[in-house]
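In: Need coordinates for the below:
(one chain, ligands or ions: 1)
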Amino acid sequence: ASPRPTELTTRFPTGFLWGAATAAYQIEGATAEGGRGRSIWDTFATVPGAVLNGENGDVAVDHYHRFPQDVAMMADLGLTAYRFSVAWPRIQPAGSGPANQAGLDFYSRLVDTLLAAGVQPWPTLYHWDLPQPLEDRGGWPERDTAHRFAEYAALVHGALGDRVGNWMTVNEPWCAAFLGYASGEHAPGRREPAAALAAAHHLLLGHGLAVSAMRADRPGVRVGPAVNLYAVSPQTDAPEDLDAARRIDGMQNRLFLDPLLLGRYPDDLLADLAPYGFAEHVRDGDLAAINAPIDLLGVNYYSRHTVSGLPGEATQAVSSPFSSVSPWVGADHVRFVPAGRPVTGMGWEIDETGLAEVLTRLHRDYPAVPLYITENGAGYDDELDGDGAVHDIERIRYLDAHLRVCHGAIGAGVPLRGYFTWSLMDNYEWAWGYSKRFGLVYVDYATQRRVPKDSAAWYAQVIRSGGLPGGTL
Ligand code: PNW
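Out: Numbering: from 1, shown residues only. Now for the predicted structure:
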């Protein structure tokens, strides 16, 4: 028997995946090359006022052309895995029909380059770039979109599944549904609460149908969704605040976790959402499809929501300056209140204890499934220093604190198998355009020069040593 360590260490298990994440529209550019069709983000970015400074992903960080150097950079960092997304409009420019070979070829080359560099490819099939022709036919509020997604998933998996073992279906269905169709701060910019609920159901259904299609094709495939989970706290013990926390936890976390992992929607949400006709979208067999066995659950974690249901000063939900319409369907009276913690450059409170809560809760309340942190990171207005470096000590502190929580969770028996930081490099931060930087690597947008930040060197050292250095940061 191996001796039980008497002292806490921060050594991660052998085989723990060390990764970084990106998404197609945020990094690729080349939006008119290789037969790519238009996506809802191409359209949305042209709407006056939708994106800060009217910026778009036409060029982004030119990863479409620079991927060999970017993969070399990943290898230099020592990453053992890389999470990227596949642009649906590159594969099906019209949103349906046979695959565009040039689109498949791009991801095939990327996968081969990653494998040659010793980096595991972890693709996400949907990171928000719906083909515009599908939005023209109604988008995610339309049930047919879920079936189109499963078809597309099968095409990509058919082409890459011989080399790619781990897949994510949809990224953050909460954002895609509620920022896209309720508050309208993301593409396609619609402000229709009932449609947003339909979108949420169809994103989940699309996930489930895709899992089944991929599994039928290759029974050994490992696949799951990536959801964005938050810790949620009531501001006080007042019944109104407790109810606000129940609703926000419901809409943010349980609306997705319960159907995915338990095969049902929560009763309290079904009651809250009845006025919007939510249940009318849920047909016989849908919940069984959504509850198809998954092999992994991706958890994107950034912050905690502190909420109140009492009247008071209005604050922006999730600190978005881009819409005055709440994304919180059935809970638009809820106020998001600052709890006084330090914030990142996004205005998001830094609270690693929330990650501990999220992981503990998954372990306690849901059937066991291998967990991966598929996003975690901090956005700031980083700048090159006079010495040509980027000294991003706040990002290092953020990552260190969250990784310590991951280590503790593993020690407590949570089946956490890997960690992907958001993001590998600075990129197009959606409605914020290029103004917010999440990368370990700085990108000079004028020249596309990549400059590893201090956090990149720190992360490389963590990976090399297999754990976190002691001492204070
Ligand atoms: C996630 N919110 O987006 C995405 O998966 C990434 O593409 C993105 O760059 C990253 O987190 C940082 O923002 C989110 O308002 C966008 O709650 C907005 C919210 C949450 C996540």
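In: The ligand contacts on the protein?
Out: 23, 26, 171-172, 175, 228, 300, 318, 320, 375, 422, 429, 438 (C-beta under 6 Å from any ligand atom). Using the backbone N, CA and C atoms, a C-beta is placed for each residue, glycine as well.
In: Which of these fall within strands?
Out: Asn171, Asn228, Asn300, Glu375, Trp422 (DSSP state E).
In: Beta-bridge partners for the last one, please?
Out: Using DSSP bridges, the bridge partners assigned to Trp422 are Ala21.
In: Equivalent analysis for the third one, please.
Out: According to DSSP bridges, the partner residues bridging Asn300 are Asn228, Glu375.
In: OK, contacts around it?
Out: For Asn300, the contact set (C-beta atoms under 8 Å, 6 or more residues apart in numbering) comprises Asn171, Glu172, Ala226, Val227, Asn228, Leu229, Ile373, Thr374, Glu375, Asn376, Trp422.
In: Neighbouring strands - and their directions - for the helix or strand of the chain with the lowest mean pLDDT?
Out: Lowest on mean pLDDT, DSSP states H and E among the helices and strands of the chain sits strand 335-336, with a mean of 95. With DSSP bridges as the test, strand 335-336 is paired with strand 297-308 (antiparallel).
In: pLDDT on the strand it pairs with, on average?
Out: For strand 297-308, mean pLDDT rounds to 98.
In: Per-residue pLDDT of Pro321, please?
Out: We have a pLDDT of 81 for Pro321.
In: State the mean pLDDT of stretch 245-252.
Out: Averaged across stretch 245-252, pLDDT comes to 98.
In: Give me the contact list for it.
Out: Outside stretch 245-252, the residues that touch it by C-beta under 8 Å, 6+ apart are 174, 178, 228-230, 232-234, 266, 268-269, 272, 305, 307, 309, 328-331, 334.
In: make it 6 Å
Out: Stretch 245-252 is contacted from outside by Tyr230, Val232, Pro234, Leu269, His305, Val307, Trp328, Ala331, Val334, using C-beta atoms under 6 Å, 6 or more residues apart in numbering.
In: Surely the last one and Leu242 touch.
Out: Going back to what we said before, that points to Val334. No - taking contacts as C-beta atoms under 6 Å, Val334 lies outside contact range of Leu242: 11.7 Å.
In: list the buried ones in stretch 392-412?
Out: Using 16 or more other C-beta atoms under 10 Å as the test for burial, stretch 392-412 gives 392, 394-410.
In: For the contacts of stretch 245-252, pick the one with the most neighbours.
Out: Most neighbours among the contacts of stretch 245-252, by other C-beta atoms under 10 Å: Val307, with 27 neighbours.
In: From the ligand, how far out is that residue?
Out: Val307 is 13 Å from the ligand, where distance means C-beta to the nearest ligand atom, to the nearest Å.
In: Okay, and the beta partners of that residue?
Out: Assigned bridge partners for Val307, using DSSP bridges, are Pro234, Phe336.
In: can you tell me how far Asp351 sits from the ligand?
Out: 14 Å.
In: List the contacts of that residue.
Out: If a contact means C-beta under 6 Å, 6+ apart, then Asp351 has Arg304, Arg341 as its contacts.
In: what's the nearest residue to the residue in the stretch 1-150 of the chain positioned nearest to the ligand if we skip its chain neighbours?
Out: The ligand sits closest to Ala23 of the stretch 1-150 of the chain, with a gap of 4.9 Å, by C-beta to the nearest ligand atom. In space, and not counting its chain neighbours, Ala23 is closest to His127: 3.8 Å by C-beta to C-beta, 6 or more residues apart in numbering.
In: what about the one you found, how many neighbours?
Out: His127, neighbours per other C-beta under 10 Å, totals 25.
In: Begin at 22, not 1, for the rest of this chat.
Out: All set: I'll call the first residue 22, so the last point we hit is now His148.
In: Check what pLDDT Val339 gets.
Out: With respect to pLDDT, Val339 has a value of 54.
In: do Ser23 as well
Out: 41.
In: again, but for Glu334
Out: pLDDT at Glu334 comes out at 78.
In: Next one: the residue lying closest to Arg239 once chain neighbours are set aside from Thr134, what distance?
Out: Closest residue to Arg239 apart from its sequence neighbours, by C-beta to C-beta, 6+ apart: Gly182 at 5.1 Å. To Thr134, Gly182 is 18 Å away according to C-beta to C-beta, to the nearest Å.
In: about what we covered before: need the max-distance pair from the contacts of stretch 266-273.
Out: Pro255 and Leu290 (17.3 Å; C-beta to C-beta).
In: in what helix or strand does His86 lie?
Out: Per DSSP states H and E, His86 falls inside helix 84-98.
In: quick one: buried residues of that helix?
Out: For helix 84-98, burial by neighbour count (16+ other C-beta under 10 Å) applies to His84, Tyr85, Arg87, Phe88, Asp91, Val92, Met94, Met95, Leu98.
In: do stretch 354-374 as well
Out: Within stretch 354-374, the residues that qualify as buried are Val355, Arg356, Phe357, Val358, Thr365, Gly366, Met367, Trp369, Glu370, Ile371, Asp372, Glu373, counting by 16+ other C-beta under 10 Å.
In: For the stretch 322-471 of the chain, just list every one of the helices.
Out: Assigned by DSSP state H, counting those that start in this stretch, the stretch 322-471 of the chain shows helices spanning 373-386, 414-432.
In: can you redo those helices as JSON lines with mean pLDDT and distance to Leu489?
Out: Output for the helices of the stretch 322-471 of the chain, formatted as JSON lines (pLDDT from 0 to 100; distance: least, C-beta to C-beta, whole Å):
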{"stretch": "helix 373-386", "mean pLDDT": "98", "distance to Leu489": "13"}
{"stretch": "helix 414-432", "mean pLDDT": "98", "distance to Leu489": "6"}
